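Mind folding the following:
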Amino acid sequence: MVFYYKARPDAGDYTIYMGADKNENEELIKYGLPEDVWFHVDKVSSAHVYLRLRKGESVDSISDGLLEDCAQLVKAHSIQGNKMNNVEVVYTPWSNLKKGPSMDVGQVGFHNPRLVYVLTVEKRVNEILNRLNKTRVERRPDLKAEKDASNAAEKAERKMQLKDKKRRGEMERQEKERQAEIRSYKGLMIAEKMTSNRQIASAGKSMQEVEDDFV
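The predicted structure is shown next:
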């Protein structure tokens, strides 16, 4: 079971979600998407909360209000963290999560600790939690199918980008050839390199003689 929430409207159309238990968290870790950002209360157990960004967005682009929604949600779903003030919440891109074979279910590490951000939640804000809970939807998604579909779409997009890049490269090549041909043609048409009919006449040669000389 996965719980889905809608972030505050003024932050934009963003989905926040989390697993119902540690086994579900394991699936979310496995089948996360590049657009996902992971949240967890630091140093104590809590739910694994995810924020799904839009394509092209990064952790640095997350607004303060959106961060607050995610942080309040993860704090509220931590037995210890929910009772504490000034709780530290860590968050990082899903791609930075590292899962080792010796780790317990739901436990994760990080590939690059420098990509782990920390924010402090001063206290629980029921107004935020009540608003989020009103949007909650429970689903049993096929996470693997969603992951496969995302990978397929990304592969198709890369293929289109490569095709477009090749097309633009070919157009640029043709344009360079055209410009080179124009420059070459202009060179042939320089006045000092051309022979006028008057020059031919003054030299006492007929057009036929000039053509014969050329051949």
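
for the protein, what spans make up the strands?
2-6, 15-19, 36-41, 49-52, 87-93, 97-98, 109-110, 117-121, 137-139 (DSSP state E).

I'd like the ones you listed laid out as a markdown table, including mean pLDDT and distance to Ser58.
Glycine gets a C-beta too; all of them are placed from N, C-alpha and C. Formatted as a markdown table, those follow (pLDDT from 0 to 100; distance: least, Cβ to Cβ, whole Å):
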| stretch | mean pLDDT | distance to Ser58 |
| --- | --- | --- |
| strand 2-6 | 96 | 21 |
| strand 15-19 | 95 | 17 |
| strand 36-41 | 97 | 9 |
| strand 49-52 | 96 | 12 |
| strand 87-93 | 97 | 8 |
| strand 97-98 | 95 | 16 |
| strand 109-110 | 94 | 17 |
| strand 117-121 | 96 | 11 |
| strand 137-139 | 94 | 27 |
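
which other residues reach stretch 65-80?
5, 7-8, 10-12, 14, 16, 18, 37, 39-41, 44-47, 49, 51, 81-82, 87, 89, 91, 119, 121, 124-125, 128-129, 132 (Cβ atoms under 8 Å, 6 or more residues apart in numbering).

Among those residues, name the buried ones.
Among those, those classed as buried by 16 or more other Cβ atoms under 10 Å are 5, 7-8, 11, 14, 16, 18, 37, 39-41, 46-47, 49, 51, 81, 87, 89, 91, 119, 121, 124-125, 128-129, 132.

Kindly provide the distance from the residue nearest in space to the middle of the chain to Gly100.
Geometric centre of the chain, nearest residue: Gly56, 3.4 Å, by Cα atoms, centre = their mean. From Gly56 over to Gly100 the distance is 31 Å, taken as Cβ to Cβ, to the nearest Å.

ok, now Leu132?
32 Å.

Likewise for Asn130?
Distance from Asn130 to Gly100, by Cβ to Cβ: 38 Å.

likewise Glu177?
Distance of Glu177 to Gly100, given as Cβ to Cβ: 55 Å.

swap in Val125?
35 Å.

With Val87 instead?
Distance of Val87 to Gly100, given as Cβ to Cβ: 26 Å.

Taking strand 15-19 as reference, get the angle to the lengthiest helix in the chain.
Counting residues, the longest helix found in the chain (DSSP state H) is helix 143-188. Using axes from the mean of the first three to the mean of the last three Cα atoms, to 10 degrees, the inter-axis angle of helix 143-188 relative to strand 15-19 is 140 degrees.

Output the contacting helices and strands for helix 143-188.
helix 22-30 (3 or more Cβ pairs under 8 Å, 6 or more residues apart in numbering; DSSP states H and E).

counting contacts, what elements does the helix it packs on pack onto?
Counting by 3+ Cβ pairs under 8 Å, 6+ apart, helix 22-30 packs on strand 15-19, helix 143-188.

Using a markdown table, please lay out the ones you listed together with distance to Glu27.
A markdown table is the format used below for those (distance: least, Cβ to Cβ, whole Å):
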| stretch | distance to Glu27 |
| --- | --- |
| strand 15-19 | 7 |
| helix 143-188 | 5 |
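
First-to-last residue distance for stretch 85-102?
From its first residue to its last, stretch 85-102 covers 32 Å (Cα to Cα, to the nearest Å).
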